[in-house]
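> Here's my sequence, what's the structure:
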Amino acid sequence: MNETIKTVKIRAYPDEAKNSAAESNLTEGQAHALELVKLNAQLDEEKKKTLEHARTIEQLKANLSQEQAKTAELARKRGELEAKLKELGAAGGANSSAQLEEERKKSREFVTSIAQLKEDLKQEQAKTAEVAEKKDELLQKLAELETRTKRLTEMFGRISEIADAGKAG
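Residues are numbered from 1 along each chain as shown. As a prediction, the model looks like this:
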């Protein structure tokens, strides 16, 4: 009864399994890196759009100020004309009726111009409000993208640490 005891070494993880696990971690890390790059590109695009909208808002504000100045000037001229008209009426017909009719015609033109400028002003204000809403939406999206980018960067860091630990171990 001669029994020989032999010891056989069996590896817990064959070399092939180790290599394939490292490759899958590397591939997953590369996928996260690619996703991070895409998100950064989206973030840059959103920043560009936000800046463009901010410029548009500033232009609209400038246009609004100009339109308000024009409206104020026309209102002042209208007041002057109405004062002249009252003065002419009080004078009891010192001027000819042709001149009065001309003054009335100018006054009507100014009233029409004022109405048109008021309408333009309303439209500009509506555009400004719309751009402001878009800006708020874009800023919110930008914040969300920055948060996602930060999370993915952290995840990528953790994956890199795991990959480095796997290579070292």
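
> Now Ile114: which helix or strand?
Using DSSP states H and E, Ile114 maps to helix 97-168.

> What helices and strands are in contact with the helix ranked longest in the chain?
In the chain, assigned by DSSP state H, the helix with the most residues is helix 15-90. When contacts are defined as 3 or more CB pairs under 8 Å, 6 or more residues apart in numbering; DSSP states H and E, helix 15-90 sits against helix 97-168. Quick note: C-beta positions are derived from backbone N, CA and C, even for glycine.

> relative to helix 15-90, how tilted is the helix it packs on?
Helix 97-168 and helix 15-90 are oriented at 170 degrees to each other (axes from the mean of the first three to the mean of the last three CA atoms, to 10 degrees).

> Give me the helices and strands touching helix 97-168, please.
Helix 97-168 packs on helix 15-90, going by 3+ CB pairs under 8 Å, 6+ apart.

> what is the mean pLDDT for the helix it packs on?
The average pLDDT within helix 15-90 is 82.

> So what's the gap between that helix and the chain middle?
Here helix 15-90 is found 4 Å from its chain centre; the criterion is CA atoms, centre = their mean, to the nearest Å.

> For the remainder of this discussion, apply numbering that starts at 6.
Sure, I'll start counting at 6 from here, so that last one is helix 20-95.

> my read: Thr61 touches Val136, true?
Yes: contact criterion CB atoms under 8 Å: Thr61 and Val136 qualify, at 5.5 Å.

> Could you count how many residues lie near the residue nearest to Leu126 when sequence neighbours are not counted?
Nearest residue to Leu126, sequence neighbours excluded (CB to CB, 6 or more residues apart in numbering): Glu72, at 5.0 Å. Glu72 has 18 neighbours, counted by other CB atoms under 10 Å.

> does Glu72 really touch Leu122, like I thought?
Yes: if you go by CB under 8 Å, Glu72 and Leu122 touch, sitting 6.0 Å apart.

> how near is the residue nearest to Lys52 when sequence neighbours are not counted to Glu51?
The shortest distance from Lys52 to any non-neighbouring residue, by CB to CB, 6+ apart, is to Leu147 (6.6 Å). Here the criterion is CB to CB, to the nearest Å. By it, Leu147 lies 5 Å from Glu51.

> quick one on the thing from earlier: and Thr61 and Val136? Which one has more around it.
Neighbours per residue (other CB under 10 Å) separate Thr61 from Val136, with Val136 holding more: 19 against 15.

> List the residues that contact the closest residue to the more buried one other than its chain neighbours.
Nearest residue to Val136, sequence neighbours excluded (CB to CB, 6+ apart): Ile62, at 5.0 Å. Contacts for Ile62 (CB atoms under 8 Å, 6 or more residues apart in numbering) come out as Thr133, Val136, Ala137, Lys140.
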